[in-house]
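[1] could you look at this predicted model? Sequence included:
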Amino acid sequence: MNLLSIQSHVAYGHVGNASAVFPLQRLGVEVWAINTVEFSNHTGYGAWRGQVFDAGLIAELVEGIAERGVLARCDGVLSGYMGSADIGAAVLGAAGRVRAANANATYCCDPVIGDVGRGIFVRPGIPEFMREKAVPAADVITPNQFELEFLAGRAVGTLPEAIAACDALHRRGPRVILVTSLHVAETPPGAIDLLASGPDGRFLVRTPRLDVALNGAGDAIAALFFFHVLSTGSTAEAVAQAASAIYGVLARTEKAQSRELLLVEAQEEFVKPSRLFPASAI
């Protein structure tokens, strides 16, 4: 499997491509990574060095890949944080070029906008771009609960409301949706839910809530879910495998009290999760 991943990157730690690429490689994927930024570390530290690349560079790199005559072998495009609407347009342009070369290629968009408790944390214009341009263009999207509410334009406080929000987004384009960090009225204390909705049904995975607040976990689970959707064709299997793998990594990270995801140390979790959480049809 060959995937084009267009995301941010850090030298130290694991967010963006630094969180998504290695798990995919560990699963046997050839990843063609294009970095939208290159920072020393993620911005959660409060200080960092590096630079944001412009949209022209993304288009130039895609053109260089196209010149190798390999776009027809690209099975999908994965995108995450977009620093500007211009970068977003370049990402959609890349997805369009891949689809033109391979009609079976799939685009997965992790619509990074904000989170519960933090609100919107991206630049002005990005939330609207995600809602109006990126989501309709995507085959697979992986919003968290806050992003689901924003994109669907409705509150999500119960499981039926989450399902209704997914249905509203399905009507706008995406065939498969993974909702991460879902905590609704039906979610027990001390637990966290993941809801996946696809052509084969709706499925829920519930895991214990771990005492970790880390950057990059969403980038990793989006990549894992996308891989399993493509490799198995099963929404249920994809959410079960992705949730189980990321839980194993987070559990190892919590035990070590690490501020960064222990992706390398816990890499066996990607191949064979130490604890498997089944997906229940709903």
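    All right, it came through fine.
[2] give me the distance from stretch 183-196 to the chain's centre.
    Mean C-alpha position of stretch 183-196 versus that of the full chain (CA atoms, centre = their mean, to the nearest Å) differs by 19 Å.
[3] kindly report the same for stretch 64-83.
    With CA atoms, centre = their mean as the basis, stretch 64-83 stands 16 Å off its chain's centre.
[4] and Val77, how many neighbours?
    Using other CB atoms under 10 Å, Val77 has 28 other residues around it. No exception for glycine: its C-beta is placed from N, CA and C like everyone else's.
[5] now do Ala100
    Ala100 is flanked by 12 other residues according to other CB under 10 Å.
[6] and what of Ser84?
    So Ser84, with other CB under 10 Å, has 18 neighbours.
[7] doesn't Gly125 make contact with it?
    Yes: under the criterion of CB atoms under 8 Å, Ser84 makes contact with Gly125 at 7.4 Å.
[8] pLDDT value on Glu254, please?
    Glu254 carries a pLDDT value of 95.
[9] what comes into contact with the helix or strand bottoming out on mean pLDDT in the chain?
    Taking mean pLDDT, DSSP states H and E as the measure, the chain has strand 119-120 as its least confident helix or strand, at a mean of 86. By CB atoms under 8 Å, 6 or more residues apart in numbering, the surrounding residues in contact with strand 119-120 are Ile113, Gly114, Pro127, Phe146, Phe150.
[10] that one pairs with which strands, parallel or anti?
    strand 114-115 (antiparallel) (DSSP bridges).
[11] centre of the chain versus the partner strand, how much separation?
    The answer for strand 114-115 is 13 Å, by CA atoms, centre = their mean.
[12] where does the prediction get shaky in this structure?
    Residues of the chain meeting the criterion pLDDT under 70: none.
[13] what about the spatially most central residue of it, which helix or strand?
    What sits nearest the mean C-alpha location of the chain, by CA atoms, centre = their mean, is Ala222, with 2.8 Å. Ala222 belongs to helix 217-232 when assigned by DSSP states H and E.
[14] what's downstream of that helix, the next helix or strand?
    Downstream of helix 217-232 (by DSSP H and E), the next one is helix 235-256.
[15] alpha carbons of that next one, in CSV - could you do that?
    This file holds the C-alpha atoms of helix 235-256, laid out as CSV (Å, rounded to 0.1, in the frame of the first residue of the first chain):
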residue,chain,number,x,y,z
THR,A,235,-15.7,-0.2,9.4
ALA,A,236,-16.0,-2.4,12.5
GLU,A,237,-12.6,-4.0,12.1
ALA,A,238,-11.0,-0.6,11.4
VAL,A,239,-12.3,1.1,14.5
ALA,A,240,-11.6,-1.9,16.7
GLN,A,241,-8.0,-2.3,15.5
ALA,A,242,-7.2,1.5,15.6
ALA,A,243,-8.8,2.0,19.0
SER,A,244,-7.0,-1.0,20.5
ALA,A,245,-3.6,0.0,19.1
ILE,A,246,-3.8,3.6,20.3
TYR,A,247,-5.1,2.5,23.7
GLY,A,248,-2.0,0.3,24.0
VAL,A,249,0.3,3.1,23.1
LEU,A,250,-1.4,5.6,25.5
ALA,A,251,-1.4,3.0,28.3
ARG,A,252,2.4,2.6,27.9
THR,A,253,2.8,6.3,27.7
GLU,A,254,0.7,6.9,30.9
LYS,A,255,2.7,4.3,32.8
ALA,A,256,6.0,6.0,31.8
